[in-house]
Each structure stands twice: as C-alpha cells, then as structure tokens.
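Trainee: here is a sequence together with a model predicted from it:
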Amino acid sequence: MKEGRAIIIGAGPAGLTAALELQRQSRIQPVVIEASHEIGGISRTVRYKGNRMDIGGHRFFSKSDRVMRWWLDLMPVETGFGEDGHLSYHGMQRGLPVSVSGADAATEDLVMLVRNRKSRIYFLRRFFDYPISLTAATFRNMGMARTVRCGVSYMRSALLPQREERSLEDFIINRFGKQLYLTFFKSYTEKVWGVPCHEISAEWGAQRIKSLSLKAVVAHFLKKTFGRRQPGDIAQKKTETSLIEKFLYPKFGPGQLWERVAYLVREGGGEIHFGLRITGVRVDGGKVVSVDAMNDAGEQVTFAGDYFVSTMPVRDLIRGLSPQPPAEVVEVSEGLMYRDFITVGLLAKKLSLTEKDGTLLRDNWIYVQEPDVMVGRLQIFNNWSPWLVSSADKAWIGLEYFCNDTDPLWKLSDGAMASFAIAEVVKIGILKAEDVEDSHVVHVPKTYPAYFGSYDRFDVIRNYTDRLENLFLVGRNGMHKYNNQDHSMLTAMTAVENIVNGVTNKDNLWAINTEMEYHEEKAASGGGMSR
C-alpha cells in the first residue's frame, strides 16, 4: 500500500475529499493547508446569531452513484424515503448500507434532509417558473405579443441555428431562440459575469447547461404530466440537473458535511492547518518538492511532501511556482479572470410577497432578472432547511451579488452594503425596510472562474502543469472550471486513484465534465452501484 505525505492546498470539497480518500485507500498522510479559518470553501455554512447561511446554495444531487453513496455514508438520509434501505429512481434501485438507511431529523443532527426544489424567475415584478414551464400562468405573465415573438424566434433558431457557436449568446439562442434569450437569460447572465454574453465562451454553456433547451423543457413537461414516476425517486438519475425536483441537504447546511469530513481526516491522523496563505511552490527535477506558506502573523512555514494536490486559484499557483514557468505560461495565467461574490443575509419579520395562502414563499432560489437592480439571485434559507433559521416565524433570506474585487460594490462597508441591498429589494417589492430586523454580509473572492480573458489559451497552462509528475489540479478554482460540488469531488477522487496507482498522466482528470454520464459498474454484491 502506498505511503508518504500529500500536501493538499485548500479545505473545500475537493481538498477534503482528496484527504479522506487518501486515508481510505493508502497509508499516505494528508496535510491540508487552508488560507482562511473556515471548513468547506464556498460550500461552508456561515453562522450568525443562531442563523446559518449557505453561500450560493448547494443542492446535494449527483448523477454519479459514487458521489451519492459517499455523501450518504457520512450522513444518513432522513427516515421515510426509499423502501427497504434503497433509493429508487426510474425503475432502478441503489442499495444503501445499514448505517445510512434512515435517521430521524427531529432528534438526530447528522442527517440528510430530502427537500423539494422550487426556483423561479422574478421579472416584470412577476414570478415565472425556472426553468420556464408551459403553463397558462407563464403565457399570461409574458403577454400574448411576447409569447408569439418567443415562439416564432425559437422556430427560427431551430430551423436555422448558428452552425458555429462562438459565444454563450450563440449557445443559448440556438437552444431557446433570441427572444427567450433576451427575456430570461441575458440580464441575469451579464449580472453574474459582468461582461456581455457575446464575449463569454460557448464552453460555459457546454459546462453548465449543455442538455437544457426549450425542447428539453417541453419533454420534461410531457413526461411529468403524462408519465409514471417511481415513489421515493430521490436520485432522479436521468433528470437534467436544472429540472431536478427533489434533492438531499444536510440538516445544518453544506458546511456540516465538510466539518464531518474534516473531523474524520484529523481522527485518521491527517493534519488541517488554517490561516496559511501559499506564497511559494518549489519545483525540482520535474516534481514539486515543497510549498511555502505564511500565517496571519507573517511567519513563513514550509511543507515538504511526496504528492501535491492543489485547489487554489490557478493564477495564484502559477505566481508561486519556483523556478518561474515559461513566459507564455505566466502570460496566460495573468490573463485568467475571476468573478467575486457577496451575500447579504437579511432577517425579516415577513416578506411583502407570499404564496397564495399567505405563507412564506417556498422558493429555494429566486433569479432576479429585473435590469433596474444589481441583485442577481435571492435565497430563502428557511426552505433549504428549517434548522438554518433560529426563529420559525422569521424570514431569513440571502441576496446574492456578483462583482469584481476592484468594483465600488466590493469595497462598501458591511453597513453600507446591507443598506444598499435592502433598498434594492424594497424597490422591486420583495419586502418593506421596516420589516428588516438584522443583516449579515459575507464576501467570497474568486467564486467563479471566468470563461473569458485568456481562458481560450488555458491549454498552455495545462500542458505545463501536467508535466509536473506529482502535482494534481482538482476542484473549481484548481482547474479553472465552473463546476459543481460533485464534479469537484470526482476530480479529487480520480486524483487519489492516480496517486495510489502510480498514474502520472492527468488526462482522466480533465476528461471529467459536470453533466457527463459518469461511468459506472455494478457492485460485486448488494445490488448497488459503485464506480
């Protein structure tokens, strides 16, 4: 069995997955180095006066059986879902170990809740289903003239698509038509990225929404209306991710799971160091030999190792390499761009908008398409888990802003940022200012690796880093791929398998794609699915 020491940069999902898998599959000791003082990266849970915030919102769903079982091995699903210790989906079943066959969420903390998914678009001061559904309410809200324009525009795109999709704008118009693109995609997408859609690579669409289209929406509508479903269909393996209707969620938010993983890593003899920013990555003989880090007091610490797993932003990694990489690698690295993120948590007595019966809106997310405000998305934390809110009679919401760390918005004080956010949601009728009781602001740098800037030349970086035999890039920022939590975990799992099996070729890491049908084979026993 492999032995040695693995230096893992970052204590987010990819880094912690790598650490735990190394312990499970080898005698290699994981040493995790984290720049912040938090567990989970952007999948952490932020605590504030008894309330909890999920940064960006994390649905625990994956088309990978391996990832689903990994989660449930750590946190059992709540009782009342699945039959005889199985999760059912589309005529197939996944066997669950006895240890995860069920837990009572009312009395136990280490439990995965099964939550209903509801997301809507807020546009023209009205709600639309997300993704767009074929309902009378949709057509009524859009109006007859806009509906006809959207239908004609879609038919035009379906019959005469852009043959070469050079940009995200081309990608979306080919699948929805120009009018639907202008109505429901353009404003929100440009809020997220801060640049016009025609300047964003079409690869972003291929990475995030490749199989979602108006055709897929119609097919989903027909299947949901006329098809038969299996009871307890949690995994929904054949469902397009954006159309999932149920998902798993840790009782106290995503950070709860990663705090559990961190505990197991330490219990198994691994190390996790906080408040250490990587300042240097030393290379010798085609291998990384050590990393230098600086703590909050300005003291330098060096970590030597046999294997190195990096989830840090690629630009920062390249800046730290010594000796310095070739000029072209540095040039491309410096041209990589990132989008930063601010969440403003607001605790309110009530919201001005409610369900028809007067109760709190049931949405997880609301996508704000209104062009007269900067807020891009709104979370209602109550609907992710009731245990995220200290008082059941309060509304605990998160307003999400996308910006650059050089923007005036990023530099506002917390008080000014909260006031700005409150004014925006008052403007669009979400709540009244006098109903807001408290606020909390969280800044998250480099949340989204961008598919513009020098990204079209990223292969220059990949070709260089891939040649460093014992360096493995994994995760969202580590690979500069805007991927989901499960995808980040799979890259980490694959990197560990490469290390354990002595594989230095990195092609299998880069081949993992967010919406790909992950390869599976039946487990030797138990009727379940494994890798």
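Mentor: Cool, the structure landed. Residues are numbered from 1 along each chain as shown.

Trainee: CA atoms only: put whichever strand or helix holds residue 461 into CSV for me.
Mentor: Element membership for residue 461, per DSSP states H and E: helix 458-466. Extracted C-alpha coordinates of helix 458-466, given in CSV (Å, rounded to 0.1, in the frame of the first residue of the first chain):
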residue,chain,number,x,y,z
PHE,A,458,-5.7,27.6,-21.0
ASP,A,459,-4.2,24.6,-22.6
VAL,A,460,-0.8,26.4,-22.4
ILE,A,461,-1.1,26.2,-18.6
ARG,A,462,-2.5,22.7,-18.5
ASN,A,463,0.3,21.4,-20.7
TYR,A,464,2.9,22.8,-18.3
THR,A,465,1.3,21.8,-15.0
ASP,A,466,0.5,18.3,-16.3
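
Trainee: quick one: it to chain centroid distance?
Mentor: 24 Å (Cα atoms, centre = their mean, to the nearest Å).

Trainee: which is the succeeding secondary structure element to it?
Mentor: Once the chain leaves helix 458-466, the next helix or strand it forms, by DSSP H and E, is strand 471-473.

Trainee: run through the helices of the stretch 51-200 of the chain in chain order.
Mentor: All helices of the stretch 51-200 of the chain, identified by DSSP state H, counting those that start in this stretch, fall at 65-74, 136-142, 144-159, 168-176, 178-180, 186-193.

Trainee: helices or strands up against the strand ranked longest in the chain?
Mentor: With secondary structure taken from DSSP state E, the chain has its longest strand at strand 436-449. Where contact means 3 or more Cβ pairs under 8 Å, 6 or more residues apart in numbering; DSSP states H and E, strand 436-449 is packed against strand 45-48, strand 51-54, strand 338-348, helix 414-427, helix 476-479. Every C-beta, even on glycine, is put in place using the N, C-alpha and C of the backbone.

Trainee: show residues contacting it.
Mentor: By Cβ atoms under 8 Å, 6 or more residues apart in numbering, the surrounding residues in contact with strand 436-449 are 42, 46, 48-49, 51, 53, 55-56, 192-193, 313-314, 336, 338-349, 394, 402, 405, 410, 414, 417-418, 421-422, 476-477, 480-482.

Trainee: neighbouring strands for that strand, and are they parallel or not?
Mentor: Here strand 436-449 has these sheet partners by DSSP bridges: strand 338-348 (antiparallel).

Trainee: that older thread, so of the helices and strands packed on strand 436-449, which one's packed in deepest?
Mentor: The highest average neighbour count among these, using mean count of other Cβ atoms under 10 Å, belongs to helix 476-479 at a mean of 27.

Trainee: immediately after that one, which helix or strand?
Mentor: Scanning forward in sequence from helix 476-479 by DSSP H and E, the next helix or strand is helix 485-501.

Trainee: what residues does the next helix or strand after that following helix touch?
Mentor: Next helix or strand after helix 485-501 toward the C-terminus (DSSP H and E): helix 507-510. Residues from elsewhere that reach helix 507-510 (Cβ under 8 Å, 6+ apart): 462, 472-474, 479, 491, 494-495, 498.

Trainee: list the buried residues in helix 507-510.
Mentor: residue 509 (16 or more other Cβ atoms under 10 Å).

Trainee: does residue 266 touch residue 273 like I think?
Mentor: No. Using Cβ atoms under 8 Å, residue 266 is not in contact with residue 273; the gap is 11.1 Å.

Trainee: got any ranges where the chain has weak pLDDT?
Mentor: Within the chain, the segments meeting pLDDT under 70 span 81-101, 131-136, 139, 203-244, 514-531.

Trainee: related to what we said a few turns ago, among the helices and strands packed on strand 436-449, which is nearest residue 388?
Mentor: strand 51-54 (4.3 Å; Cβ to Cβ).

Trainee: so what are the sheet partners of the closest one and their directions?
Mentor: Each strand paired with strand 51-54, and its direction, by DSSP bridges: strand 45-48 (antiparallel).

Trainee: follow-up on the earlier one: relative to residue 502, which of the helices of the stretch 51-200 of the chain is closest?
Mentor: helix 65-74 (21.4 Å).

Trainee: distance between the closest one and the chain's centre?
Mentor: Relative to its parent chain, helix 65-74 has a centroid offset of 17 Å by Cα atoms, centre = their mean.

Trainee: mind giving me the packing neighbours of it?
Mentor: Here helix 65-74 touches strand 92-95, helix 254-267, helix 485-501, going by 3+ Cβ pairs under 8 Å, 6+ apart.

Trainee: who touches the helix holding residue 461?
Mentor: Contact with helix 458-466 is made by 314, 317-318, 325-326, 328-329, 332-333, 336, 471, 473, 480, 505-506, 510, as judged by Cβ under 8 Å, 6+ apart.

Trainee: what do you get for stretch 148-166?
Mentor: Contacts of stretch 148-166 (Cβ under 8 Å, 6+ apart): 142, 170-171, 173-180, 183, 202, 205, 214.

Trainee: any idea which of those is closest to residue 248?
Mentor: Nearest to residue 248 among these: residue 205, at 26.5 Å, using Cβ to Cβ.

Trainee: quick one, strands of the stretch 101-250 of the chain?
Mentor: 112-116, 119-123, 126-129, 246-250 (DSSP state E, counting those that start in this stretch).

Trainee: by contact count, what packs against the third one?
Mentor: For strand 126-129, the elements it packs on are strand 119-123, helix 136-142, judged by 3+ Cβ pairs under 8 Å, 6+ apart.

Trainee: so which of these is nearest residue 287?
Mentor: Among these, strand 119-123 sits nearest to residue 287 (Cβ to Cβ), with 45.7 Å.

Trainee: CA atoms only: put the closest one into CSV for me.
Mentor: Taking Å, rounded to 0.1, in the frame of the first residue of the first chain, the C-alpha atoms of strand 119-123 are listed here in CSV:
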residue,chain,number,x,y,z
SER,A,119,-36.9,28.0,-8.1
ARG,A,120,-38.5,30.9,-10.0
ILE,A,121,-37.5,33.9,-12.1
TYR,A,122,-38.6,37.3,-11.0
PHE,A,123,-39.2,39.5,-14.0
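
Trainee: figure out how far that strand is from the centre of its chain.
Mentor: Chain-centre distance of strand 119-123: 19 Å, with Cα atoms, centre = their mean.

Trainee: measure how it sits relative to helix 186-193, angle-wise.
Mentor: Angle between the axes of strand 119-123 and helix 186-193 is 110 degrees (criterion: axes from the mean of the first three to the mean of the last three Cα atoms, to 10 degrees).

Trainee: what lies in contact with strand 119-123?
Mentor: Contact with strand 119-123 is made by 127-130, 132, 183-184, 188, 363-370, 378, 428, as judged by Cβ under 8 Å, 6+ apart.

Trainee: now with 10 Å?
Mentor: 57, 59, 126-133, 138, 141-142, 183-185, 187-188, 242, 353, 361-371, 373, 375, 377-379, 428-430 (Cβ atoms under 10 Å, 6 or more residues apart in numbering).

Trainee: cool, and stretch 286-304?
Mentor: For stretch 286-304, contacts defined as Cβ under 10 Å, 6+ apart pick out 5, 7-9, 31, 33-35, 37, 271, 273-284, 305-308, 310, 312, 317, 320-322, 465, 467-472, 504.

Trainee: list buried residues within the residues you listed.
Mentor: 5, 7-9, 31, 33-35, 271, 276-278, 281-283, 305-308, 310, 312, 317, 320-321, 465, 468, 470-472.

Trainee: tell me which of the residues you listed fall in strands.
Mentor: Taking DSSP E, the ones among the buried ones among the contacts of stretch 286-304 that sit in strands are 5, 7-9, 31, 33, 271, 277-278, 281-283, 307-308, 310, 321, 471-472.

Trainee: wouldn't residue 16 be in contact with residue 254 here?
Mentor: No. Applying Cβ atoms under 10 Å, one finds residue 16 not in contact with residue 254, separated by 11.7 Å.
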